[in-house]
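Asks: I'll drop the sequence and a predicted model, then ask my questions.
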Amino acid sequence: MIACEQIERTFPGARGGVAALAGVSLTVERGEFVAIKGPSGCGKSTLLLAMGGMQRPSAGRVLLEGKDIYAMSAQERNRVRAERIGFVFQLFHLIPYLTVRENVLAGLPPGSSSAGHAARVDELLEQLGLRDRSGERPGTLSAGERQRVALARALIKQPALILADEPTGNLDPENAVDVFRHLAEFQRSGGTVVVVTHGGDAAPHATRTVHLANGRVVSSTPGDQSFNSGNTVQTAP
Amino acid sequence: MTLVGIIVRELRHHWVNALLGTLGLIIAVALLVSVRMTTEAAARETGRVMRDLGFNLRIIPRATDMDYFWTHGMSDQTMPEEAVKHLAEQHGVFLSFNHLTPALEGRIDVEGRQVLFTGIGDTIVDPGGGKQPMGFRIKPGQVFLGPTIADRLVAKRGGVVRLGGREFTVERILGESGTEEDVRIYGTLSDVQAVLGQPGRINEIKAIDCLCLTADQDPLSQLRAVIEDVLPEARVLQLTAIADARARQRQMAERYARFAVPLVLLVGAGWLCLLTWLNVRERRAEIGLWRALGHGSARIAGLLLGRATLLGLIGAALGFGLGTWIALSAGPEMFQVTAKSLRADTSLLLWAVLLTPAFAALASLFPTMLAVSQEPARTLRAD
């Protein structure tokens, strides 16, 4: 589904460049639910954004369905993001002046007909328990509700891949479980999920856990096992 | 969701920023409209006041005895009446001269005393200048009398006086001026030519200087160069005090407009730039999100520039209304002579509606380009 080949990303710092990613290679197959874990500042979010075509690596390639997304034109990359990738962020990133329904519709590729997706929006809002809140603005919603709106926005276009960056970082345990349950449902329906997470909420659903440290993959283990378990199936150099 | 729909929703949500932006534009447009209207009114008023000072150029036959001219106030020589038409037909003359008025002046005996008798012909104005001819409009057989003459002849308006063996109706008694005008009689050029026995002749072309240069800018050399080229049999004299006052007043009005208009534009642009920058800064995460959702730079620039354009349209319409109201309210007090000519200028509305959105979009261009040229992840992480 998506493969990172030796990707590096350096940010300018006060004492020269700071390497957020230092040669990460990672392959995620279609239908996987991959949890990326690691301490703060190890490059998890940078890796996720690079996978989503949002942050060009300083070196290396990101192949989505066999195509290098950073070799594409900006328009082509936009189209790939619009049609194939759904994003979920820790801070929800809902548009404050749009209603819940409009925020969900905003996830459709540019130029799509809102009317043609009305039924799909209703279905998603029903599934995510937001039907009664469809006319509300994000400012009136709880954190859990906001993240469910963000999930609906990611799901509306029926993407091939969902990239979630600490999606439960601002949620209470109950809502966190709920969000992972929805992500797992998407994966069971044939989608691919890559989620960056600190905690163990993804444990019941992850098919693989990748551990990062200092901008490198230090282990990749099936399920959500300890990275010291020795059950490494793929490790990037 | 359409671009306009998103822009309208955003404006409603960030209403304080939108209100301040629109207010900035309204104030800028209102200032420009009112400054423009009052500057034009000031120019009209200046023109009228300066015109009331009278002609400031005298074009006389070159062979004039200047000692005679200054002691008698008129030329002892004449030139053909056609000279004024010839002058008016020359290319570029109206860039330097306007209100070309042929005149014949002489002295006649009225009840044993010499009086000035001046015939005024039709004034020729710049055909493209849209100006009304200045000076008297006297009909054949009528005269205007200076007050001293009128007193001596015990003449009343509508009465009849005999001049050079012909009878004339007194159309107007002029007010006291404290100059030789008090002993002057005005008639039509043809009547005076007949009385003085000088048919088809004039001894002066009165005119107004259009160069509007002050004395230190030496307008006379330029005026003389023009006359030498097109009417070599004539010479030009300038009533420098009047011409200088007129030039100084005009130049002051022009300098004021040159200062005020760019200042207002600059302040308006700066204000709008600042507000757009604040708006873009506040919306960086949103811009990052739109890009994460696959929206291209053009659409995002459309969101930001479309917003500025919409504010520009609102600012133009309301600013035009406010500016017109200010000018119409304050104008009559400032411009008492030309107060009635002060009215709403719909061409300014057209300009405002065309230029303000373009100006607003231009002022927003820099922060917009900055926002869309950044990596999506960088804007998304702005929170």
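Replies: Received the coordinates, thanks.

Asks: is it true that B:M79 touches B:R201?
Replies: Yes. Applying CB atoms under 8 Å, one finds B:M79 in contact with B:R201, separated by 7.1 Å. Quick note: C-beta positions are derived from backbone N, CA and C, even for glycine.

Asks: B:Q90 - nearest residue in space that isn't next to it in sequence?
Replies: Leaving out its chain neighbours, the residue that sits closest to B:Q90 by CB to CB, 6 or more residues apart in numbering or on different chains is B:V230, at 4.0 Å.

Asks: ok, A:L108 to chain B distance?
Replies: In this structure, A:L108 lies at 8 Å from chain B, with CB to the nearest CB, to the nearest Å as the measure.

Asks: That residue: neighbour count?
Replies: 22 (other CB atoms under 10 Å in any protein chain shown).

Asks: Got the phi and psi for it?
Replies: The phi/psi pair for A:L108 (degrees, to the nearest 10) reads phi -70, psi 150.

Asks: and what of A:R30?
Replies: Backbone torsions of A:R30, given as degrees, to the nearest 10, read phi -60, psi 130.

Asks: Near the residue nearest to it when sequence neighbours are not counted, how many other residues are there?
Replies: Using CB to CB, 6+ apart and skipping the chain neighbours, the partner closest in space to A:R30 is A:M1 (4.4 Å). A:M1 is surrounded by 19 other residues when neighbours are defined as other CB under 10 Å.

Asks: same question, B:K85
Replies: Residues contacting B:K85 under the criterion other CB under 10 Å number 12.

Asks: what does stretch B:258-273 contact?
Replies: Residues outside stretch B:258-273 that contact it (CB atoms under 8 Å, 6 or more residues apart in numbering or on different chains) are B:21, B:24-25, B:27-29, B:31-32, B:35-36, B:39, B:308, B:359-360, B:362-364, B:366-367.

Asks: Among the residues you listed, name the buried ones.
Replies: A residue is treated as buried here by neighbour count (16 or more other CB atoms under 10 Å in any protein chain shown); on that basis the buried members of the contacts of stretch B:258-273 are B:21, B:24-25, B:27-29, B:31-32, B:35-36, B:39, B:308, B:359-360, B:362-364, B:367.

Asks: ok, now which ones touch whatever residue of chain A ends up closest to chain B?
Replies: Among all residues of chain A, A:A82 sits closest to chain B, at 2.4 Å; criterion: CB to the nearest CB. Residues in contact with A:A82 (CB under 8 Å, 6+ apart) are A:109-110, A:157, B:293-295.

Asks: Secondary structure and pLDDT for those residues - can I get that in CSV?
Replies: Compiled in CSV, those are given as follows (DSSP: H, G, I helix; E, B strand; the rest coil; pLDDT from 0 to 100):
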residue, secondary structure, pLDDT
A:P109, coil, 89
A:P110, coil, 85
A:K157, coil, 90
B:L293, coil, 88
B:G294, coil, 87
B:H295, coil, 88
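
Asks: Tell me which two in those are the farthest apart.
Replies: Using CB to CB, the two most remote members of the contacts of A:A82 are A:K157 and B:H295, lying 12.8 Å apart.

Asks: residues from the stretch 151-300 of chain B in reach of chain A?
Replies: If contacts are counted using CB under 8 Å from any CB of the partner chain, the residues of the stretch 151-300 of chain B sitting beside chain A are B:285-286, B:288-289, B:291-297, B:299.

Asks: and of those residues, the nearest to chain A?
Replies: B:G294 (2.4 Å).

Asks: Report how many residues lie close to A:L155.
Replies: Using other CB under 10 Å as the criterion, A:L155 is surrounded by 25 other residues.

Asks: do you know how far it is from B:V33?
Replies: Noted for A:L155: a distance of 52 Å to B:V33, by CB to CB, to the nearest Å.

Asks: what do you get for B:I173?
Replies: For B:I173, the distance to B:V33 (CB to CB) stands at 44 Å.

Asks: out of these two, which sits in the busier spot?
Replies: In this comparison of B:I173 against B:V33, neighbours counted by other CB under 10 Å, the higher total goes to B:V33 at 26 against 17.

Asks: And the closest residue in space to that one that isn't next to it in sequence, how close does it get to A:Q6?
Replies: Nearest non-adjacent residue to B:V33, counting by CB to CB, 6+ apart: B:G323, 2.8 Å away. To A:Q6, B:G323 is 63 Å away according to CB to CB.

Asks: So if I had to pick from these two, which one is more boxed in?
Replies: Neighbours around B:G323 and A:Q6, counted as other CB under 10 Å, are more numerous at B:G323. The numbers are 28 against 15.

Asks: going on from the helix or strand where that one lies, what's the next piece of helix or strand?
Replies: When elements are defined using DSSP states H and E, B:G323 is found to belong to helix B:297-334. Per DSSP H and E, helix B:297-334 leads on to helix B:346-373 as the next helix or strand towards the C-terminus.

Asks: That next one: which residues count as buried?
Replies: Of the residues in helix B:346-373, those buried under the neighbour-count criterion (16+ other CB under 10 Å) are B:348-349, B:351-353, B:355-357, B:359-365, B:367-368, B:371-372.

Asks: now the angle from it to helix B:297-334?
Replies: 150 degrees (axes from the mean of the first three to the mean of the last three CA atoms, to 10 degrees).

Asks: what's near enough to touch A:V62?
Replies: Neighbouring residues of A:V62 by CB under 8 Å, 6+ apart: A:2-5, A:7, A:50-51, A:53, A:68-70.

Asks: all strands of the chain, in order?
Replies: With no chain named, the answer covers chain A. When assigned using DSSP state E, the strands of chain A occupy the ranges A:2-13, A:16-28, A:33-37, A:59-64, A:67-68, A:85-89, A:161-165, A:192-196, A:208-213, A:216-222.

Asks: actually it's chain B I care about, not the one you picked
Replies: In order along the chain, chain B carries the following strands (DSSP E): B:57-61, B:79-80, B:97-110, B:113-120, B:142-145, B:160-163, B:166-173, B:184-188, B:201-202, B:204-209, B:234-238.

Asks: Quick one: closest of those strands to B:L3.
Replies: strand B:97-110 (53.3 Å).

Asks: residues in chain A within reach of chain B, list them.
Replies: A:46, A:49, A:52, A:54-56, A:74-75, A:78-83, A:87, A:89, A:91, A:93, A:95-98, A:102, A:105-107, A:109-110, A:114, A:153.

Asks: Select only the buried ones of these in PyMOL?
Replies: In PyMOL syntax, the buried subset of the residues of chain A next to chain B is picked out as below (16+ other CB under 10 Å):
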select buried, chain A and resi 46+49+52+54+55+56+78+79+80+81+82+87+89+91+93+95+97+98+102+105+106+107+109+110+114+153
